[in-house]
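In: Please find the sequence and the predicted model below.
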Amino acid sequence: MSSSATAPPAPSRLPRIVAASLIGTTIEWYDFFLYGSAAALVFNKLFFPESDPLVGTLLSFLTYAVGFAARPLGALVFGHYGDRLGRKKLLVLSLLMMGGATCAIGLLPTHAGVGTAAPLLLTTLRLIQGFALGGEWGGAVLLVSEHGDPRRRGFWASWPQTGAPAGQLLATGVLSLLTAVLSDRAFDSWGWRIPFLLSGVLVVVGLWIRLSVDESPVFREALARAEARKAAQRGSGDGEGTEKLPLVSVLRHHWRDVLVAMGARMAENISYYVLTAFILVYATTAAEVSDQTALNAVLIASAVHFAVIPAWGALSDRLGRRPVYLLGAAGVGLWMFPFFRLTDTGDFGLLVVAVTVGLVLHGAMYAPQAAFFSEMFATRMRYSGASIGAQFASVAAGAPAPLIATALLSDYGSGTPIALYVIGAAVLTLIAVGAAKETRHRDLAAVGPADTTAEAPAPATDARPA
């Protein structure tokens, strides 16, 4: 193992790498969450006007869920090339794809203009968004994890995770401002397009920062070993080598880790979309608060969420990834009944408490997730493994969460069955993470099966830093 791979990066370099990952994930999540908020507030009226309001919301959230369906494909494609070509190139591509699709949504004609072509075009652009986001997350967290000080990996790797609440904060803030200064008629007519078009400006800034960082040193060393091995095999007449595709290697050597990652995401993913997307529907229908009130509550809670994620990440460096993650999963499950009780009051202060506490507990899962998933996989299959585990779970978790929650609300008219739905997800996560091994002391530069030969067993990688 090369000592250079595990040495902490230069102090002036790491903040720039963190900033590049953070701004990229913030823009990507801004684009993604902007769609979710718009789906709850206006898309049901603009793209599905022939349906009654709640059915229109269901159809709107269905196009929202379609974006999740494309995320596993994005994880496979971006993961494959990210493990072959490097993290940086794929992160630039994902940012361009997401930003382009979001700007195009802002230019779409509505159902009143082009009829059924409008929701079809909307769905196509949503698929592109999902494909791009499926490749973004893995690359962003790996770029930081593989550069960072192993003793503080949980803290540094949690910063790209703050891109989710930052994007939520930005998207909700822009929508909240527009709904405050525009009439309902003006917002539904043209105001909703503004935040989508603003994405183009954000992408230019994100590309400028992201292009300025270096490729992961851990990946460069693993790639150099693979090239040297191929050259030696060619020189000895043994052919071109036996390196497998990253996906094949992941399924061969890390299938248990993929299942753990998928299980770990159940409570984290489902609870997040109930707390941030579905709440806009529940609060405005069951609790009868205004759109502005619901948006403001999510806005405040997202700011707190942003602040606590690095703190949870730092705690995972001291206590381990599993204890912090288990605390978050149990906490979210226990909070669901109080969450709906507080929301039902219609009181703004209690609504803020309900969403904020939920997101603080969610952060205990989300913060260590980046380091936890990165530490499960060998370098030349890490992008694929982390992305597959995270994004395949999103199809069963985050994708249908607002849809299922809205259907349960329609059928039962209360938050109780929705709370039980989230509690069930929390139980699955507790089982998955409880069965996992602690990864806090693993060395990301340790040679794994994809870094030697495809047939080699995975070595022990629990090297503990002094």
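Out: Perfect, thanks for sending it.
In: Could you pull up the mean pLDDT of stretch 293-311?
Out: Taken as a whole, stretch 293-311 has a mean pLDDT of 92.
In: Only the buried residues of it, if you could.
Out: For stretch 293-311, a neighbour-count test (16 or more other C-beta atoms under 10 Å) marks 293-306, 308-310 as buried. Every residue, glycine included, has its C-beta placed from N, CA and C.
In: where are the low-confidence patches of the stretch 351-466 of the chain?
Out: 446-466 (pLDDT under 70).
In: The same query, at a cut-off of 90, please.
Out: 374, 376-403, 406-407, 410-414, 440-466 (pLDDT under 90).
In: which residues of it fall in helices?
Out: 379-396, 401-412, 416-435 (DSSP state H, counting those that start in this stretch).
In: Name the residues that touch the longest one?
Out: In this structure, residues lying in contact with helix 416-435 by C-beta atoms under 8 Å, 6 or more residues apart in numbering are 259-260, 262-268, 270-271, 274, 278, 282, 322, 325-326, 329-330, 332-333, 336-337, 339-340, 365, 397, 404-405, 408-409, 411.
In: Excluding chain neighbours, what is closest to the most centrally placed residue in the chain?
Out: When C-alpha atoms, centre = their mean is applied to the chain, the residue found nearest the centroid is Trp137 (5.8 Å). What sits nearest to Trp137 in space, not counting adjacent residues and going by C-beta to C-beta, 6 or more residues apart in numbering, is Ala390, at 6.0 Å.
In: one step back: columns mean neighbour count and distance to Pro160 on top of the helices of the stretch 351-466 of the chain, output as JSON lines?
Out: Formatted as JSON lines, the helices of the stretch 351-466 of the chain follow (neighbours: other C-beta atoms under 10 Å; distance: least, C-beta to C-beta, whole Å):
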{"stretch": "helix 379-396", "mean neighbour count": "27", "distance to Pro160": "12"}
{"stretch": "helix 401-412", "mean neighbour count": "19", "distance to Pro160": "22"}
{"stretch": "helix 416-435", "mean neighbour count": "19", "distance to Pro160": "20"}
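In: and Ala112, how far is that from Leu122?
Out: 14 Å (C-beta to C-beta, to the nearest Å).
In: Between those two, tell me which one has more neighbours.
Out: Set side by side, Ala112 and Leu122 show more neighbours around Leu122, with 25 against 10, by other C-beta atoms under 10 Å.
In: which residues does the more buried one contact?
Out: So Leu122 contacts Phe43, Phe47, Thr63, Ile105, Leu108 (C-beta under 8 Å, 6+ apart).
In: Show me where the stretch 101-250 of the chain dips below the pLDDT cut-off.
Out: For the stretch 101-250 of the chain, the ranges with pLDDT under 90 are 101-103, 105-106, 110-152, 163-165, 167-192, 195-196, 198-250.
In: Could I get the full set of helices for it?
Out: 111-114, 117-147, 153-161, 163-181, 184-186, 193-210, 217-235, 246-253.
In: just the ones you listed: most buried one?
Out: helix 153-161 (a mean of 29; mean count of other C-beta atoms under 10 Å).
In: Identify the residue nearest Leu169 in space, chain neighbours excluded?
Out: Closest residue in space to Leu169, ignoring its immediate chain neighbours: Ser302 at 4.2 Å, by C-beta to C-beta, 6+ apart.
In: which one is Ser145 nearest to, not counting chain neighbours?
Out: Ser374 (4.1 Å).
In: quick one: the one you found and Pro160 touch, right?
Out: No: counting by C-beta atoms under 8 Å, Ser374 does not reach Pro160; the two are 10.7 Å apart.
In: For the residue nearest to the centre of the chain, which residues are in contact?
Out: Here Trp137 is in contact with Thr25, Pro160, Ser387, Ala390, Gln391 (criterion: C-beta under 8 Å, 6+ apart).
In: ok, it to Phe392 distance?
Out: For Trp137, the distance to Phe392 - C-beta to C-beta - is 12 Å.
In: okay, and the common contacts of the two?
Out: With C-beta under 8 Å, 6+ apart, Trp137 and Phe392 have no common neighbours.
In: give the contact list for Met262.
Out: Counting by C-beta under 8 Å, 6+ apart, Met262 touches Gly389, Phe392, Ala393, Ala396, Ala432.
In: Quickly name whichever of those is closest to Ser249.
Out: Gly389 (13.9 Å; C-beta to C-beta).
In: excluding its backbone neighbours, what's nearest the closest one?
Out: Ala261 (2.7 Å).
In: For that neighbour, grab the count of nearby residues.
Out: 27.
In: Got the confidence number for it?
Out: pLDDT for Ala261: 93.
In: Go ahead and confirm Val213 touches Leu14.
Out: No: counting by C-beta under 8 Å, Val213 sits too far from Leu14 to count as a contact (10.2 Å).
In: Can you tell me how far Asp344 is from Trp312?
Out: 29 Å.
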